[in-house]
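Participant: Can you look at this prediction? I've put the sequence above it.
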Amino acid sequence: QVQLVESGGGLVQAGGSLRLSCTASRSMFRTYVMAWFRQAPGKEREFVAGISWTGGSTYYADSVKGRFTISRDNAKSTMSLQMNILKPEDTAVYYCAVDVSRATVASRTAPNYGYWGQGTQVTVSS
């Protein structure tokens, strides 16, 4: 069974930093586009950042550009999201996802991703 496990969420004050990690149970994900999404209460799941399978191309939502950095280590089947200068509006459950369609560009649309982690809560206090 394929599993994606997120970790690193927590409570932080505005202006602080957190680093999220996502570990895939199968090395096959090394060849797929991966992404982070988030969902705040009462809101739709939204794209945060995506990364090509080589790690050479990255994509960001405008709301996080310049503050968040996505990366991956294919040798360890892991993906990370470094989040700096956090704001209260970043509060959400963060999910990692894998696009198994052999896409080369990270889609910003959640239904395009076939595998999801269980999510990790990030809470930013003002």
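Facilitator: Cool, got the structure.

Participant: Look up which residues are beta-bridged to the spatially most central residue of the chain.
Facilitator: The centre of the chain sits closest to W36, judged by C-alpha atoms, centre = their mean, with a distance of 2.0 Å. Per DSSP bridges, residues listed as beta-bridge partners of W36: A49, C96.

Participant: Which pLDDT value does the model give it?
Facilitator: What the model reports for W36 is a pLDDT of 98.

Participant: Do a quick rundown of the strands in this protein.
Facilitator: 4-7, 10-13, 18-24, 33-39, 46-51, 58-60, 68-73, 78-83, 92-99, 115-116, 120-125 (DSSP state E).

Participant: quick one, which of those is nearest to A106?
Facilitator: A106 sits nearest to strand 46-51 of all the strands of the chain, at 2.5 Å, using C-beta to C-beta. In short, each C-beta sits where N, CA and C put it, glycine included.

Participant: Report the angle between that closest one and strand 78-83.
Facilitator: Relative orientation of strand 46-51 and strand 78-83, computed by axes from the mean of the first three to the mean of the last three C-alpha atoms, to 10 degrees: 120 degrees.

Participant: what is the orientation angle of strand 46-51 with strand 68-73?
Facilitator: Using the same axes, to 10 degrees, strand 46-51 lies at 50 degrees relative to strand 68-73.

Participant: and the strands of the chain as CSV, adding distance to T109?
Facilitator: Listed next are these as CSV, based on distance: least, C-beta to C-beta, whole Å:
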stretch, distance to T109
strand 4-7, 18
strand 10-13, 28
strand 18-24, 19
strand 33-39, 10
strand 46-51, 7
strand 58-60, 12
strand 68-73, 17
strand 78-83, 18
strand 92-99, 10
strand 115-116, 13
strand 120-125, 21
